[in-house]
Structure formats: C-alpha cells, structure tokens
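Engineer: predicted model follows, preceded by the sequence.
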Amino acid sequence: MPKSPATLFFNLYCAAVFMFLVAPLLVVIPISFSASDYLQFPPPSYSTRWYVEYFSSPSWIDATWRSLKVAALTTVLATVLGTMVAFSLVRGRYPGKRLVEQLVTAPIIMPTIVYAVSAYSLFSTLGLTSRWEGIALAHTVQAIPLVVLVVASSLRTFDTALEQAARGLGASWSLAVWNVTVPHIRPALISGAFIAFVSSFDELVIAMFLSGINVTLPKKMFDNIIYEIDPTIAAVSVLQIALVTVSLACVWRFGANRTQNMSLR
C-alpha cells in the first residue's frame, strides 16, 4: 500500500531532523584525525597525533579514570536505591506516598546550578569537596529519579500474578521478587543503569563546583576549551561517542535479547 503524502512528508522531516542532530558527529570525527595544530575542517592532512597526545597525557588519563570511577559508583548507588524507591512507589501503601514521589522527582525539576551550589555548601562542611566520592554522591541524587521513572514504568506493566504464583508454591516474598520479578524487569534495570552512567559521565556543572583540582573528564574538556583549545578535545569526544555506542550495544545485548528469550519460553 503506497504511503500518503502526509506520511512521506513526516518521514522526510524526521530524517532531516536526525541528520541535523548527527551532523556535528560527522564533523568532529575527521577533526580528531587532523594533523593541524588547531581545530580545522576539513583537515589539511590526517594523523593520529591527537589520540597519541590523549593517551600519553597523564592529566587526560587521570580525568578519564576519575570520571569512570564516579560514573561507576553513581550507577551502582542510583540503580540499587532507585529500584528500591520504585518498588516503594508502585507497590507501597502508606501515608505521604504522594509527597515521597514529588521529593524523588525534585532533582529533575530543580535547575542544576541551584543544586550544585547547594551540594557545594553541604559537602564543604562534610569535607567531601575535591573528592571523587563526593561528586559520585551528588550525581547519585540526580540519577535516582531517572532510574525510578524507568523501573517504575516496568513494574506497573508487570503481571503480579506470576509473583503470586511463586509465593503460592512456597517462595518467600524476597525470593519471589528476586527470581520472578527482577528477571522480568531486567531490561528496565539495565536501561536505568545506563542512563545513570551516562548522566554522571557527561555531567559538568556539579563537577565544576565539587571537583577542585581533581577534575573529571567533562571539567578537563571545559578547561581545555577555555585555556588551550586543540584537536585533542575532538579525539576525546570521539572516544566518548565510542563509549556511548558500546554501552548502547550492551543494553541491546543484555536487555532486549533477554526479553526476547523470556517471551520464547
């Protein structure tokens, strides 16, 4: 059946928007292989010198490892705590539940700069500034609502009769949740963890207030743009794109495939 003009126009419009969003990526990749001493497109010649510069620079590598540690801790804390809060909001019956839901989503509504200033004021009294653990805790507060939204949505569509059947066969509530509910919402857990990881790894404003001399990778990139811009930042950007692509592939591999396998059973 031929497509209507309206459908064809909509598809072309979506394709144009997609290309507009992807276009910067198509520019930054050639620049990262430029042999020029400054950002230039198209590059006059090609070289891997800026990738070598990145991997041979202790400051860049230290910032990268620090961001990975921060993002990893944020992912673990936000996924565990966010999943517990999601169970509480979906399954719980207690006074003040509506208020708890609003408090959980507050970090999404609050401007990041306001939260960063508040976190700095609190963490400075606790001695957590200039420490990667403090940045991870601040990122966790912002990542928990994202995990809650994803996991709670999956829990609301989960058939609780399966969990009740497991309990009817003698399993305790915790055992039924671990062996029945958690495997079924696994794609949501993986997606929530991925969102938490990316939101922490790419976060800049909070890191500017809390990192001090122990800068994260986004803070290092910001400083590079301000003080000594060179194509190294393009190489770092390409590596970040590669990291996100690998993470998406992992989500598809361990999330979507798991759902298909369970449906076949």
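Structural biologist: Alright, I've got the coordinates. Numbers count the residues shown, from 1 in each chain.
Engineer: I figured Glu133 hits Ala72, correct?
Structural biologist: No: assessed by CB atoms under 8 Å, Glu133 is found out of contact with Ala72, at 11.7 Å. All C-beta atoms are positioned from the backbone trio N, CA, C, and that covers glycine.
Engineer: wait, Val182 touches Leu189, no?
Structural biologist: Yes: with contact defined as CB under 8 Å, Val182 and Leu189 form a contacting pair (7.3 Å).
Engineer: near Ile225, how many other residues are there?
Structural biologist: As a burial measure, Ile225 scores 11 neighbours (other CB atoms under 10 Å).
Engineer: buried sites along the helix or strand hosting it?
Structural biologist: Per DSSP states H and E: Ile225 is located in helix 217-227. Residues 217-222, 224 are the ones in helix 217-227 that count as buried (16 or more other CB atoms under 10 Å).
Engineer: one more: stretch 104-114?
Structural biologist: For stretch 104-114, burial by neighbour count (16+ other CB under 10 Å) applies to 104, 107.
Engineer: with stretch 43-59 instead?
Structural biologist: Applying 16+ other CB under 10 Å to stretch 43-59 flags 43, 49-51, 54 as buried.
Engineer: repeat that for stretch 172-180.
Structural biologist: 176-177, 180.
Engineer: which of the residues you listed fall within helices?
Structural biologist: Counting by DSSP state H, the buried residues of stretch 172-180 place Ala176 in helices.
Engineer: mind putting the buried residues of stretch 172-180 in a markdown table, distance to Met208 and pLDDT included?
Structural biologist: Formatted as a markdown table, the buried residues of stretch 172-180 follow (distance: CB to CB, whole Å; pLDDT from 0 to 100):
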| residue | distance to Met208 | pLDDT |
| --- | --- | --- |
| Ala176 | 45 | 78 |
| Val177 | 40 | 75 |
| Val180 | 44 | 77 |
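Engineer: centre of the chain to the helix holding Ile225, how far?
Structural biologist: 20 Å (CA atoms, centre = their mean, to the nearest Å).
Engineer: do the same with stretch 86-104
Structural biologist: Relative to its parent chain, stretch 86-104 has a centroid offset of 24 Å by CA atoms, centre = their mean.
Engineer: using PDB, write out every CA atom in it.
Structural biologist: Extracted in PDB, the C-alpha atoms of stretch 86-104 (Å, rounded to 0.1, in the frame of the first residue of the first chain):
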ATOM      1  CA  ALA A  86      10.400   2.400  42.500                       C
ATOM      2  CA  PHE A  87       9.100  -0.700  44.400                       C
ATOM      3  CA  SER A  88       8.000   1.500  47.200                       C
ATOM      4  CA  LEU A  89       6.100   3.900  44.900                       C
ATOM      5  CA  VAL A  90       4.500   1.200  42.800                       C
ATOM      6  CA  ARG A  91       3.700  -1.500  45.500                       C
ATOM      7  CA  GLY A  92       3.700   0.600  48.700                       C
ATOM      8  CA  ARG A  93       0.600   1.700  50.500                       C
ATOM      9  CA  TYR A  94       1.500   4.300  53.200                       C
ATOM     10  CA  PRO A  95       0.600   7.900  54.200                       C
ATOM     11  CA  GLY A  96       2.700  10.500  52.400                       C
ATOM     12  CA  LYS A  97       3.400   8.400  49.400                       C
ATOM     13  CA  ARG A  98       2.500  11.300  47.100                       C
ATOM     14  CA  LEU A  99       4.900  13.600  48.900                       C
ATOM     15  CA  VAL A 100       7.700  11.000  48.600                       C
ATOM     16  CA  GLU A 101       7.100  10.800  44.800                       C
ATOM     17  CA  GLN A 102       7.300  14.500  44.500                       C
ATOM     18  CA  LEU A 103      10.600  14.600  46.500                       C
ATOM     19  CA  VAL A 104      12.100  11.900  44.400                       C
END
